[in-house]
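**Q** sequence and computational prediction follow.
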Amino acid sequence: MEMTLLRTIVLAASAIGAGCAMIAGIGPGIGQGYAAGKAVESVARQPEAKGDIISTMVLGQAVAESTGIYSLVIALILLYANPFIGLIAG
Amino acid sequence: MKSNKKGGKQTVMKKFGPIILAGVIAVVTFALKMANVVGFQTPPLVEGPKIMFYVPVPEFLHDFPFAMEMASGGYGLPVTITVISTWFVMAVLILIFRCASSNLEVLPSKKQAFFETLYTALDSLVEQTLGAWKKKYYTYISTLLLFILFSNLLSFFPIPGFTIQDGIFTIAPAFRTPTADLNTTVGLALITTFTFLAAAIKVGGPTGYIKGLFEPMPLMFPINLVGELAKPTNISIRLFGNMFAGSVILGLLYMSAPAVIPAPLHLYFDIFSGIVQSFVFIMLTMVYIQGSVDGHEYIED
């Protein structure tokens, strides 16, 4: 196959792949929203512990965010630092 | 009446002084840019760390793992902008804390009281998770926190670097966030991995550690092994992803709306995200160390 056709296929597939990778943004959204709801409930139960509850919630949400960040890194690599373009030239 | 008028002019100067100064600087640099005397260079949106110079390596070390071929034919070890930014962060940290711990007195001055508050806050944080083991690990964890915090905040401060390109005096950002490079974060995660592995081997002996991998059932060995390998991967890629993606999103925003809109996003991505991610890194470090020394008595060295 000639080079432009190969390049077109690789770039098109990378764009579709980057879009599909960001479907993984659903997970942290649901999970972190649920955790925030539980934090609001516990502040309602015990308003004196608000500072502790908020810092625990922020810590837990930063850990839960990590799978969303992994998919964002894959999407950014596919869009801007595509490794497959270098492979097809050789 | 005379003093009132002078007082009025002085308060106007004090209130609007910085804005007037910033406006004058902006107009002057814009005029210089139009006259092609000063150029501003924006780094490309996504680029790996640029290699700044090579440390030349003598003939017999040419097969050394990291040696790359230089332009002038010899071999050398590449030194990238990440390493130079790390040196800058180290220099800043050493300066600040050398100044903080000089002239300590029993009745603390304001500066000393601030650093004492910082120390005791970190002390109670480490004690909350590690308990008696904080004597051994406190220095490592507090240094880790301060290093990652200052590295993450580095891209918030516009530090200009001056070069001359094609005869035009160019101003470009001098440093790049060290933690936006996978090398730095994997290095820090590897240090953490060695720390908790060493703690586990110290309390149980090497056979005790390997036996712990077989713990609930012998069939769980692959799962436990992958879980142990997932720990450094987890923390390193989380820190890298947050910092790198933040810089890319801000770069895209600067391309489209350079004037006023990026400012609050800088507050979120650089300051909030930087503080939270450094905090998460050390909390996970402490949780891993606690998982290794779980329940054992503190062994005095």
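**A** Done, it's in.

**Q** pull the distance from stretch A:43-61 to the chain's centre.
**A** When distances are taken as CA atoms, centre = their mean, to the nearest Å, stretch A:43-61 is centred 25 Å away from the chain's centroid.

**Q** list the buried residues of that stretch.
**A** By neighbour count with 16 or more other CB atoms under 10 Å in any protein chain shown, stretch A:43-61 contains the buried residues A:43, A:53, A:57, A:58, A:60, A:61. The way it works is simple: take the backbone N, C-alpha and C, and place the C-beta from them, glycine included.

**Q** give me the subset of those touching chain B.
**A** The subset of these within reach of chain B, counting by CB under 8 Å from any CB of the partner chain, consists of residue A:58.

**Q** could you dump the buried residues of stretch A:43-61 into a markdown table and include secondary structure?
**A** Listed next are the buried residues of stretch A:43-61 as a markdown table, based on DSSP: H, G, I helix; E, B strand; the rest coil:
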| residue | secondary structure |
| --- | --- |
| A:43 | helix |
| A:53 | helix |
| A:57 | helix |
| A:58 | helix |
| A:60 | helix |
| A:61 | helix |
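
**Q** list the contacts of the spatially most central residue of chain A.
**A** Among the residues of chain A, residue A:68 comes closest to the average C-alpha position under CA atoms, centre = their mean, at 2.4 Å. Contacts for residue A:68 were tallied using CB atoms under 8 Å, 6 or more residues apart in numbering or on different chains; they are A:24, A:25, A:27, A:28, A:29.

**Q** who touches whichever residue of the stretch 201-301 of chain B sits closest to chain A in this structure?
**A** When distances are taken as CB to the nearest CB, the stretch 201-301 of chain B reaches nearest to chain A at residue B:241, 3.6 Å away. Contacts for residue B:241 were tallied using CB under 8 Å, 6+ apart; they are A:66, A:69, A:70, A:72, A:73.

**Q** out of those, which sit inside helices?
**A** Mapping those onto helices (DSSP state H) picks out A:66, A:69, A:70, A:72, A:73.

**Q** buried among those? Need that as a selection in PyMOL.
**A** To isolate the buried ones among the ones in helices among the contacts of residue B:241 in PyMOL, judged by 16+ other CB under 10 Å, type:
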select buried, chain A and resi 66+69+70+72+73
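
**Q** look up how far residue B:143 lies from the residue of the stretch 1-150 of chain B found nearest chain A.
**A** Of all residues in the stretch 1-150 of chain B, residue B:46 sits closest to chain A, with a separation of 3.8 Å (CB to the nearest CB). Per CB to CB, to the nearest Å, residue B:46 is found 30 Å from residue B:143.

**Q** could you do residue A:68 as well?
**A** Here the distance between residue A:68 and residue B:143 works out to 29 Å (CB to CB).

**Q** residue B:197 too?
**A** In this view, residue B:197 and residue B:143 are 19 Å apart by CB to CB.

**Q** who's more crowded, the two?
**A** For residue B:197 against residue B:143, the residue with the higher neighbour count under other CB atoms under 10 Å in any protein chain shown is residue B:197, and the figures read 16 against 13.

**Q** low-confidence ranges, chain A, go.
**A** Scanning chain A with the threshold set as pLDDT under 70 gives A:1, A:90.

**Q** where along it do the helices fall?
**A** Taking DSSP H, the helices of chain A run over residues A:3-21, A:26-45, A:50-64, A:66-80, A:83-89.

**Q** which of those sits closest to residue B:273?
**A** Of all the helices of chain A, the one in closest proximity to residue B:273, counting by CB to CB, is helix A:50-64 (8.8 Å).

**Q** elements contacting that closest one?
**A** Under the contact criterion of 3 or more CB pairs under 8 Å, 6 or more residues apart in numbering or on different chains; DSSP states H and E, the helices and strands touching helix A:50-64 comprise helix A:26-45, helix B:273-292.

**Q** which of those sits most buried?
**A** Among the helices and strands packed on helix A:50-64, helix B:273-292 has the highest mean neighbour count (mean count of other CB atoms under 10 Å in any protein chain shown), at a mean of 20.
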